[in-house]
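A.B. asks: Structure for the following, please:
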Amino acid sequence: MHLSFRLLQFLPVQRCRTRPLCRPPGLRTTGEKAAASASTAPNADGSCPASAPVKVSKSRIYHLPQGDGSYRRTHAQSCYSTPEAAQAAGFWAPR
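C.D. replies: Numbers count the residues shown, from 1 in each chain. Take a look at the predicted model:
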């Protein structure tokens with residue numbers, strides 16, 4: 001038991017205060033892998049195509065084109081057609 005604790009302390013830990021589920025970055029469930037395949041690559045300038053306007057930032061937060069003050073200044077890492085698709089891929093709405 002002592003050995004497993006020593007090994008766990010070297011794993012990358014994502015700090016989360018208000019998120020319901022925390023796991024190491026890059027670890028995805030099967031549903032998230034399927035939803036991630038539904039993502040669209042962003043344009044070279046960091047914008048999203050009209051067919052997939054939902055931007056996902058490197059902080060794993062998705063931004064909507066309507067009513068989100070951070071949308072314009074967010075450089076997209078990936079794009080989704082709907083907020084539901086972004087949530088299914090494991091991303092969160094802004095606060």
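A.B. asks: Do a quick rundown of the strands in this structure.
C.D. replies: Applying DSSP state E to the chain gives strands spanning 54-56, 62-63, 78-80.
A.B. asks: And the ones you listed: which comes nearest residue 92?
C.D. replies: With C-beta to C-beta as the measure, strand 62-63 is the member of the strands of the chain nearest residue 92 (7.1 Å). For the C-beta atoms, the positions are set from N, CA and C on the backbone; glycine is no exception.
A.B. asks: hmm, who's touching the closest one?
C.D. replies: Residues from elsewhere that reach strand 62-63, judged by C-beta atoms under 8 Å, 6 or more residues apart in numbering: 54-57, 70-71, 74, 80, 83, 86-87, 91-94.
A.B. asks: Of those, which is the nearest to residue 44?
C.D. replies: Nearest to residue 44 out of the contacts of strand 62-63 is residue 55 (C-beta to C-beta; 14.3 Å).
A.B. asks: before we move on, back to that, how about the strands of the chain in a markdown table, adding mean neighbour count and distance to residue 48?
C.D. replies: Output for the strands of the chain, formatted as a markdown table (neighbours: other C-beta atoms under 10 Å; distance: least, C-beta to C-beta, whole Å):
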| stretch | mean neighbour count | distance to residue 48 |
| --- | --- | --- |
| strand 54-56 | 25 | 5 |
| strand 62-63 | 24 | 9 |
| strand 78-80 | 23 | 4 |
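A.B. asks: looking at the ones you listed, which is closest to residue 38?
C.D. replies: strand 78-80 (7.1 Å).
A.B. asks: could you say what helices and strands the closest one packs with?
C.D. replies: Judged by 3 or more C-beta pairs under 8 Å, 6 or more residues apart in numbering; DSSP states H and E, the packing partners of strand 78-80 are strand 54-56.
A.B. asks: Name the strands paired with the strand it packs on and say parallel or antiparallel.
C.D. replies: As defined by DSSP bridges, the strand partners of strand 54-56 come to strand 62-63 (antiparallel), strand 78-80 (antiparallel).
A.B. asks: Was I right to think residue 65 contacts residue 49?
C.D. replies: No: contact between residue 65 and residue 49 fails when scored by C-beta atoms under 8 Å: they sit 11.8 Å apart.
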